[in-house]
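S.K.: please find the sequence and the predicted model below.
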Amino acid sequence: MSNRHDEFCKNKTNRYPFYSPRFWSGMRLGDYSKLLWRNGFRVNIQRYPMMFLVGGCSVANTGLSLMQRLVWERRIRETELQPPIFVVGHWRSGTTLLHELLSLDDRFCYPTTFQCFVPHHFCVSNWFLKPLANWLLPSKRPMDNMPAGADYPQEDEFALVSLGAPTPYYHFAFCNQPPSDLELLNLDEADKTQQQQMRDALTYFYQAITLGEERRLVLKSPPHTGRIRHLAEWFPGAKFIHITRHPYKIFPSTVHLWRSLFAVQSFQLPGRSNDAITQYVWDCFEKMYDGYFTQLDQIPADDLVEVRFEELIEDPTSQMSRIYDTLDLGQFDNVHQKIDRYWQERKGYQPNETVVGPEIRREIDERWSRYLERYDYAIYAAQT
């Protein structure tokens, strides 16, 4: 490994047991077969147990999915959605933290890890399968020290995976294959069929979550960052909260994220070079923010607010209050104390160490200059 990458390779991947659910564990047999077929069944022999385990789950998912359609399909399709609240921003920019803070408000509901992993059938399987999933899941996420569990707020992009809908996350399944579907990070570049498939899948999933609820959905998915115009069209009245963080922190943390996910989610033993992984980080960021900056002007000013991660962790109460006021989300006093209590409980949280040296900083300054300048982040060249 070159010295160029040693500086941000200090983070460790938390243990993820072989029996814990993978992103693919909620797929139906047909979608799972297509995933393997598209990648030429290039499964490393060491990952055969995972392949067969997921295959068994896919058979069960197919049956349970049919059961949910028979029992709940009509009611799900008739469920009316309130305008959702979307948390967007690059991976490792604080989207999970912001999502969890918003989920403290009892007036909102959110997709859980269990629901995102089995979007086809959680309405019928929740009572018996969720306790098992909670036992099988590790207590911490593989890439950091954030707690994990079946009932925690989760990223709805994972539901797209299990639903067989278009998403760039299929790359994690065969991490040694060239990345595909990057156009889904800037949905303006996706074809109409992909857009419609994503819309249908998200609408069904959101309706299923809110079945029997009278609460507003709060959602988060970094890939939604380059989809905001489309989400605003699909879900009229939707609100958006975009969170930013200094790219000198985002970049190494995202490299570590991809390494962690490749290690625990892929049907292949990770073999891509460090240069290939860092190039993937560059490409995803640029594609995502080409979409976001192009679509930003098409979102009404009172439907979008931007917040800096650094300011959020410095004073979460005032930043959350500003978000509520800007987007007219209701009385903030109802959640003020909950946020204070949440923050007290997280005081001992230790984020992973992320460090980049001068060479990477200069490359970030060049490649991501628009982001640095727009959000007033100091660049390395100005500090030397």
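M.R.: Thanks, I have the structure now. All figures in this text were calculated on a predicted structure; none of them were measured in a lab. Numbering: from 1, shown residues only.
S.K.: thought Gln82 was touching Arg216?
M.R.: Yes: counting by Cβ atoms under 8 Å, a contact exists between Gln82 and Arg216, whose distance comes to 4.4 Å. In short, each C-beta sits where N, CA and C put it, glycine included.
S.K.: any residues in contact with both of those two?
M.R.: When contacts are counted by Cβ atoms under 8 Å, 6 or more residues apart in numbering, Gln82 and Arg216 are jointly contacted by no residue.
S.K.: please, where are all the strands along the stretch 101-250 of the chain?
M.R.: Defined through DSSP state E, counting those that start in this stretch, the strands belonging to the stretch 101-250 of the chain, from first to last, are 108-109, 216-220, 239-244.
S.K.: now render these as JSON lines, adding distance to Leu261, mean pLDDT and mean neighbour count.
M.R.: Formatted as JSON lines, the strands of the stretch 101-250 of the chain follow (distance: least, Cβ to Cβ, whole Å; pLDDT from 0 to 100; neighbours: other Cβ atoms under 10 Å):
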{"stretch": "strand 108-109", "distance to Leu261": "27", "mean pLDDT": "96", "mean neighbour count": "20"}
{"stretch": "strand 216-220", "distance to Leu261": "17", "mean pLDDT": "97", "mean neighbour count": "24"}
{"stretch": "strand 239-244", "distance to Leu261": "20", "mean pLDDT": "98", "mean neighbour count": "24"}
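S.K.: may I see these arranged in TSV, with distance to Lys338 as well?
M.R.: Conversion of these to TSV gives the following (distance: least, Cβ to Cβ, whole Å):
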stretch	distance to Lys338
strand 108-109	12
strand 216-220	14
strand 239-244	18
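S.K.: tell me the contacts of the closest residue to Glu157 other than its chain neighbours?
M.R.: Leaving aside its sequence neighbours, Glu157 sits nearest to Ser221 (Cβ to Cβ, 6 or more residues apart in numbering; 4.3 Å). With contact taken as Cβ under 8 Å, 6+ apart, Ser221 is in contact with Phe86, Val87, Val88, Thr95, Glu155, Asp156, Glu157.
S.K.: list the contacts for the last one?
M.R.: The contact partners of Glu157, taken as Cβ under 8 Å, 6+ apart, are Thr167, Tyr169, Ser221, Pro222, Pro223, His224.
S.K.: farthest pair within the residues you listed?
M.R.: Maximum pairwise distance in those, criterion Cβ to Cβ, is 12.5 Å, between Tyr169 and His224.
S.K.: more neighbours: the two, which one.
M.R.: When Tyr169 is set against His224 and neighbours are counted by other Cβ atoms under 10 Å, the residue ahead is His224, at 26 against 20.
S.K.: the longest helix anywhere in the chain: how far from the chain's middle?
M.R.: If each helix of the chain is counted by residues according to DSSP state H, the longest one is helix 48-78. Remark: helix 48-78 is offset 22 Å from the chain centroid, using Cα atoms, centre = their mean, to the nearest Å.
S.K.: tell me which stretches of the stretch 51-200 of the chain form helices.
M.R.: In chain order, the stretch 51-200 of the chain shows helices spanning 95-103, 113-117, 122-136, 157-162, 192-209, with DSSP state H, counting those that start in this stretch as the criterion.
S.K.: quick one: distance of the fourth one to the chain centre.
M.R.: Centroid separation between helix 157-162 and its chain, computed with Cα atoms, centre = their mean, is 9 Å.
S.K.: check the second one too.
M.R.: Taking Cα atoms, centre = their mean, the mean C-alpha location of helix 113-117 is offset from the chain mean by 12 Å.
S.K.: do the same with stretch 264-271
M.R.: On Cα atoms, centre = their mean, the centre of stretch 264-271 falls 19 Å from the chain's centre.
S.K.: give me the contact list for that stretch.
M.R.: In this structure, residues lying in contact with stretch 264-271 by Cβ under 8 Å, 6+ apart are 13, 16, 22-24, 36, 39, 42-44, 46-47, 50-51, 142, 172-177, 259, 262-263.
S.K.: just the buried ones from those residues, in PyMOL syntax?
M.R.: Selection of buried members from the contacts of stretch 264-271 for PyMOL, criterion 16 or more other Cβ atoms under 10 Å:
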select buried, resi 13+16+22+23+24+36+39+43+50+51+142+172+173+174+175+176+177+259+262
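S.K.: where are the low-confidence patches of the protein?
M.R.: Where the chain drops to pLDDT under 70, the residues are 1-16, 138-148, 348-354, 380-384.
S.K.: mind doing that once more with 90?
M.R.: Counting by pLDDT under 90, the ranges of the chain that qualify are 1-21, 127, 130-151, 180, 212-214, 271-275, 333-334, 344-357, 378-384.
S.K.: pretty sure Gln197 sits against Leu160.
M.R.: No: counting by Cβ under 8 Å, Gln197 does not reach Leu160; the two are 9.1 Å apart.
S.K.: quick check: neighbours shared by those two?
M.R.: When contacts are counted by Cβ under 8 Å, 6+ apart, Gln197 and Leu160 are jointly contacted by Pro166.
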